[in-house]
Every structure is written in C-alpha cells, then in structure tokens.
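Chemist: Using only what follows, build the 3D model:
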Amino acid sequence: KRVDGFISHCQVSKELAESTFPRLSDRPHAVIPHGHYREVYPNNINCEVAKTNLDVPFDSHVLLFLGYIDYYKNVPHLVQVFRELAPANWILLVAGKLEVPELEEQIFQAVANDFRVKLQLEFVSDEKLQEYFQTADLVILPFQDILNSGSALLALSFDCPILVPQKGAMAELQEQVGQNWIKLYSGELTTDILESGLEWALEERRSPQANLEKLEWSRLSQQTIEAYRKILNFYS
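Modeler: Presented below is the predicted three-dimensional model:
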C-alpha cells in the first residue's frame, strides 16, 4: 500500500514482484539493469603473470568458477561433470569462500585428487580477482537457480565469456551484451553442454572487450532519474 512505484533489474524480476504483490501492477515502474564493475577492481596484469601467480601451466586452458559457494551454485556437480568429460588441456579452477562448511567434504570427494581441478576455497581479495579472470578462458556459473547475477557481471567486466543456465535475467543479459560473450544452456549441466561451452569459448570470434555500453552507470543513473520523474508525474 505504501509503495508509490518500483524499479527492477530485469523484466523477470518485475513480473515476479507483480505476481507476488498484485497491487504493484497498478504502480509506475521501470526496468533498469545493474551496472557493470569495469574499472572498479584492479586489472593491470596479463595472463602470463596471472598463471604464474596461480601456478597454472601456460599451455593449459582454464575453466573458472569464482564466487561464494553455496548449495544452489552446484559446484560438486560441476566438478563431477568436468572430470567425466575430461577435456584435453583444460583445468577447472574453483575459487571462493564456502558459505556452507558442509560443502567442503562434498567438493573434495568430487575432486578425488584429480590434478586437473584446482581449489581455492577461501575469500578472494579485490586485488586477487584479476589473477583468476586473466587466467580464465571461460567462466561457468552452473547455478540451480538464478535471477540476477553479480558473478556474471563481474566476469563480463573482466572481459571473460560466460556459460550460464537460461534462467532468470540471463537471457536479458545476453541481449544486452551479446551472444558471443554469453552462452546459455537449458536444464542440468551435462558433459555435452560443457563440451559445447568449452569449444564456444575458444572458437567464437569476439572483440577484446565485452560491449557493456548498456550497463554503463552514467546511462543507468539517467534512467533512474527518469524513473523517479515518472513516479512523481504519475501522482501530480
């Protein structure tokens, strides 16, 4: 009753909010995406330095999962699928703080001392982020559920292509950034999906930088101002 208007980060979240709170359908609203993180974090080293710092062989390709690790992020399953596929010359790098300590044992069991899977199960500092993203050929986010994703935006801000499920706002994000930077898949992650994603990461032609023009903060701030004006005008 007290809401005069609302802003959502994607069309999916707008529809979800309106289905949960039907009265919002009569309120003025705007869909404004979350901005990118480019130039927010240090990014001044190259791939060779990054691989040296992380003890990753120079001639290997790297599949990266980075972020807080919780049940819904599906990391043990990712490890199992990667090991089953056993892609030639690829390393799976998993980095991030465990939100659920019980997951540690599940992840270690899935890894089973496979040298192709490297774990860094701790908080990644702002300074260290660049090492992981500069090393990565592909970032994978095999979440069981997803709406918006800061992890996806962060990877794109470091110009890393991403493989994500076709859930939540990911299709909208793909429209904003481009199909050559975001590959979507349906259902549970499988070896076929992962194999296709790895091939796409290496073979797809893309510019050195992801086009994040639609996620520029200057653009989004103007859209936010216009949204507030729309709300004020609605009641004037």
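Chemist: so S207, which of the three states?
Modeler: coil (DSSP: H, G, I helix; E, B strand; the rest coil).
Chemist: Could you check how far the residue nearest to L138 when sequence neighbours are not counted is from P22?
Modeler: Spatial nearest neighbour of L138, excluding adjacent residues (CB to CB, 6 or more residues apart in numbering): A201 at 3.7 Å. Every residue, glycine included, has its C-beta placed from N, CA and C. Computed with CB to CB, to the nearest Å, the distance linking A201 and P22 is 42 Å.
Chemist: Who has more neighbours out of these two?
Modeler: The residue with more neighbours, out of A201 and P22, is A201; 23 against 9, by other CB atoms under 10 Å.
Chemist: So which residue is smack in the middle of this protein?
Modeler: A152 (1.8 Å; CA atoms, centre = their mean).
Chemist: For that residue, list the residues it contacts.
Modeler: 139, 141, 162, 164, 170, 173, 182 (CB atoms under 8 Å, 6 or more residues apart in numbering).
Chemist: again, only using 10 Å
Modeler: 34, 67, 139, 141, 143, 146, 160, 162, 164, 168-170, 173-174, 177, 182 (CB atoms under 10 Å, 6 or more residues apart in numbering).
Chemist: Kindly report the same for K167.
Modeler: Contacts for K167 (CB under 10 Å, 6+ apart) come out as 12, 143-147, 149, 184-186.
Chemist: For the longest helix belonging to the chain, buried residues please.
Modeler: Longest helix of the chain, by residue count under DSSP state H: helix 217-235. Residues of helix 217-235 classed as buried by neighbour count (16 or more other CB atoms under 10 Å): 220, 227, 231.
Chemist: ok so, going back, now the residue nearest to the centre of the chain, what are its backbone angles?
Modeler: phi -70, psi -40 (degrees, to the nearest 10).
Chemist: Find me the pLDDT at it, would you?
Modeler: At A152, the pLDDT value in this model is 97.
Chemist: Likewise for E99?
Modeler: 89.
Chemist: For burial, what's the neighbour tally of it?
Modeler: Count around E99 with other CB under 10 Å applied: 13.
Chemist: Not counting its neighbours along the chain, what's nearest it?
Modeler: D70 is the one closest to E99 (CB to CB, 6+ apart), at 4.3 Å.
Chemist: Give me the three-state assignment for Q109.
Modeler: helix.
Chemist: Nearest residue to it in space, please, no chain neighbours.
Modeler: Nearest to Q109 is P76, by CB to CB, 6+ apart, at 7.6 Å.
Chemist: can you give me the helices for the chain?
Modeler: 11-20, 47-53, 75-85, 103-111, 126-135, 150-157, 170-177, 191-203, 217-235.
Chemist: Now do the same for the second one: mean pLDDT, whole number.
Modeler: Throughout helix 47-53, pLDDT has a mean value of 97.
Chemist: Next, work out how far apart Y235 and R229 are.
Modeler: Distance from Y235 to R229, by CB to CB: 12 Å.
Chemist: Mind listing the shared neighbours of those two?
Modeler: Jointly contacting Y235 and R229 under the rule CB under 10 Å, 6+ apart are P28.
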